[in-house]
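1. starting from these lines, generate the structure:
(2 chains)
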Amino acid sequence: MQPYELSVSAASHLIKSRALSPVELTASVLDRMEATEPLVNAYALTLAENARAAAEVAEHEISSGHYRGPFHGIPIGIKDLYNMRGLPTTASSRVRDAFVPTQDSAVVEKLTAAGAVIVGKTHTHEFAFGGVTPGTSNPWNTQFIAGGSSGGSAAAVAAGSCLMATGSDTGGSIRIPAAFCGMVGLKPTYGLVSRRGVTSLSWSLDHAGPITRNVADAALALTAMAGYDDQDPGSLKLEARDYSADLNGGVSGLRIGVPSNFYFDRVDSEVVRRVEVALGQFEQLGARLVEIEVPMTDYVEALEWAILLPEANAYHSEMLRSSGDLYTPEVRTMLEAGEFVFAKDYIQALRGRALMQNAWRSMFGQIDVLAAPTLSSSPARHDHTHVTWPDGSSEALTESYMRLSAPANLLGLPALSVPIGMTEIGLPIGMQVVGRPLEDRTVLRAGNAYEKAFGQFGKTAPLFAVSDTSGKA
Amino acid sequence: MTTPRHNVDDIRRLSATVNLVVENHRLSELCEAANHADSFIRKVSHIQCGETAPATSFDPRWK
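-> Next up is the predicted model:
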C-alpha cells in the first residue's frame, strides 16, 4: 500500500507514532496527483509548493512533541468555493476569475489550525449550481461524470490525490459525488459547520461538510470542521463534540426506517437491488427495519426549487447584471429564472418547509434513522444531459440527482452517504442514512457498523483511462 | 400538463423592469427555464399551511 492510499485515521495513527512522516505522505499524494490529474481533472488549483512547506512545518512540530491532532500533516483538498487567503477562489466560474479573498473561510481556518496540509482547490459545478461538475471525470471510469457540485473533491479523494476534501451541499452536492465516486459523504446538521467564507448558493439550504474514504474519517473531519461561528447567521451555538465518540456502538436495536414511498420511485433497478441487499445486511447486524411512509414527499421538489432559485438569484443579482456573459449559459439561465419566482411562492415554500419539519418529526418518533438510495441512478456518461426512464420519460441530470437528497437539505437533517457496492459495469452505488437533527453521531454510528461488517470502503479507484472502453473495473 | 405561467413577452417586459439584460436570442430559453422551474414550484400553492407562520430564518432543531 502506498501512503496516498491511507485513510485519514490510518495515516494520523502512523504520523502520531512517527512511523510515517507528513513530508513522505505529502510527497506520495502529490506524485499521485501528478499521475491522476490528466485523467481526472479534480483540481482547479494545485498547491504543491505550499503543501510541501506545510508538511515540513508539520513534521518539525510533531518531532518537537507538538502533535495537534488527527489532521496534523494530513494532505487535504478544499472545494474551490471556500475562501483561502491570498489564493483565487473561483467557484469554477469566469465571473470570479479575479477574486482573491483576504481572509480564510472558517473551515479553512479550523483545518489549518488542526495542522492539515492543503494540496489544492477542487473543482465545483459553477457556483455549486449543478450535479455534474463538467470537466471532472469519475476515477472509477473516466468516461463517466464524477457528479457534483463537489465533484472535484470526491474525485480527488477517490483518486488518491488527497485523503479528505471539503464539500458543500445545497441539494445533495456532497452526497451525490461521494456516491458516484465510491466515497463517504457527510452533510451534517444545518448550522454545525460554519459557512463563513464559503460562496453561497442558497443560504437556508447550504451546508458544509467532508468527503472521505471511510466513515471514521468523516467523524474526524466533522469534529475538526464543526463549531459555532457568530459570523454565520445559521450557526448553532453548541458545545464542541467529538463525533467519533459513538462510532463503534453498533446498530443493535436501531430502528431503521425503510421508505415505502418516494425514495424507491423512479430509481434504477440496479440501485434498488443493491440498497435492498444493504438493508438486509443492516438487519443481520441487529437493526430493526421499520417500513415507513415518508410524509410530504409530493412537495420535495417544489419546496427545494421554490427556496433555492430565489435565494440563489438574490445572491447573484448584481453579478448577473454586471458580468452576466461570464457565466456558463446553463447556470446563467437557471439563476435568471429565479428572478421570476413569485414572492408568494417563496413564502409559501418556507411555510411548507415548517409543516414538513413537523411531519418528519412525527415520522422520526417511529424510527431512529431513515435509509434510502442516495441517488436515483448511477453516474451518467459525460455527453449525457438526461436520465431516460423505462417508461420513456426523461429527467435532467441535476433534477434527477437532487430528488432523493433534497429532503435532508430542506429540513437540515444529518445525512451520510456510504458506498454499498458497484454496478455491473463497475461504477459505485451509494446509500444514505438520514437522522434526526443534531444526531450526526447516530448516522455515523450506523454507517460505521455497515462499513465494518460489509464495507466497500476506503479503496482508491483503479483509474481507467478514457481509452479503455470496456467499462470493467 | 400545466399551463405555463410565463410567456416571452412577460419575460422581456419584466427583465427590462428589473434591469436584467436578456438579449432577444436568449428570451425563449429563459422563458422555457422559468416555466420549467415553475412546473415544480407552483405545487407549493397546494400545501395547506393553515396558520403556520412564515419561517423568517430556518432552524433545524425540533422545538
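
2. how far does the one helix or strand residue A:59 maps to sit from the chain's center?
-> Residue A:59 belongs to helix A:48-63 when assigned by DSSP states H and E. Centre-to-centre, helix A:48-63 and its host chain are 27 Å apart (Cα atoms, centre = their mean, to the nearest Å).

3. identify the residue nearest residue A:441 in space, chain neighbours excluded?
-> residue A:246 (4.6 Å; Cβ to Cβ, 6 or more residues apart in numbering or on different chains). C-beta: built from backbone N, CA, C; applies to glycine.

4. what's next to stretch A:35-44, contact-wise?
-> Applying Cβ atoms under 8 Å, 6 or more residues apart in numbering or on different chains, the contact partners of stretch A:35-44 are A:33, A:46, A:77, A:80, A:90, A:92, A:120-124, A:135-137, A:139, A:142, A:146, A:151-153, A:155-156, A:159-161, A:463, A:465-466.

5. for the residue of the stretch 51-200 of chain A found nearest chain B, give its distance to residue A:408.
-> The nearest approach of the stretch 51-200 of chain A to chain B comes at residue A:190, 4.2 Å away (Cβ to the nearest Cβ). Going from residue A:190 to residue A:408 by Cβ to Cβ, to the nearest Å gives 9 Å.

6. before we move on, back to that, buried subset of the contacts of stretch A:35-44 as a ChimeraX selection?
-> Here is the ChimeraX selection string for the buried members of the contacts of stretch A:35-44, based on 16 or more other Cβ atoms under 10 Å in any protein chain shown:
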select /A:33,46,77,80,90,92,120,121,122,123,124,135,136,137,139,142,146,151,152,153,155,156,159,160,161,463
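
7. now, the contacts of stretch A:35-44 that are in helices?
-> Among the contacts of stretch A:35-44, DSSP state H puts A:33, A:151, A:152, A:153, A:155, A:156, A:159 in helices.

8. might you list the low-confidence residue ranges for the stretch 351-473 of chain A?
-> Applying pLDDT under 70 to the stretch 351-473 of chain A flags residues A:456-457, A:464-473.

9. how much space between the closest residue to chain B within it and residue A:259?
-> In the stretch 351-473 of chain A, the residue that lies nearest chain B is residue A:412 (2.9 Å; Cβ to the nearest Cβ). Distance from residue A:412 to residue A:259, counting by Cβ to Cβ: 19 Å.

10. alongside chain B, which residues does the stretch 301-450 of chain A contribute?
-> For the stretch 301-450 of chain A, the contact set with chain B under Cβ under 8 Å from any Cβ of the partner chain comprises A:301-306, A:309, A:320-321, A:324, A:329, A:333-334, A:336-341, A:344-345, A:347-355, A:357, A:361, A:411-413, A:436-438.

11. specify the beta-bridge partners of the nearest residue to residue A:54 once chain neighbours are set aside.
-> Spatial nearest neighbour of residue A:54, excluding adjacent residues (Cβ to Cβ, 6+ apart): residue A:117 at 4.4 Å. When assigned by DSSP bridges, residue A:117 has beta-bridge partners residue A:75.

12. quick one: contacts for the residue of chain B found nearest chain A?
-> Nearest to chain A, among the residues of chain B, is residue B:60, at 2.9 Å (Cβ to the nearest Cβ). Residues in contact with residue B:60 (Cβ under 8 Å, 6+ apart) are A:189, A:190, A:191, A:236, A:411, A:412, A:413, A:437, A:438.
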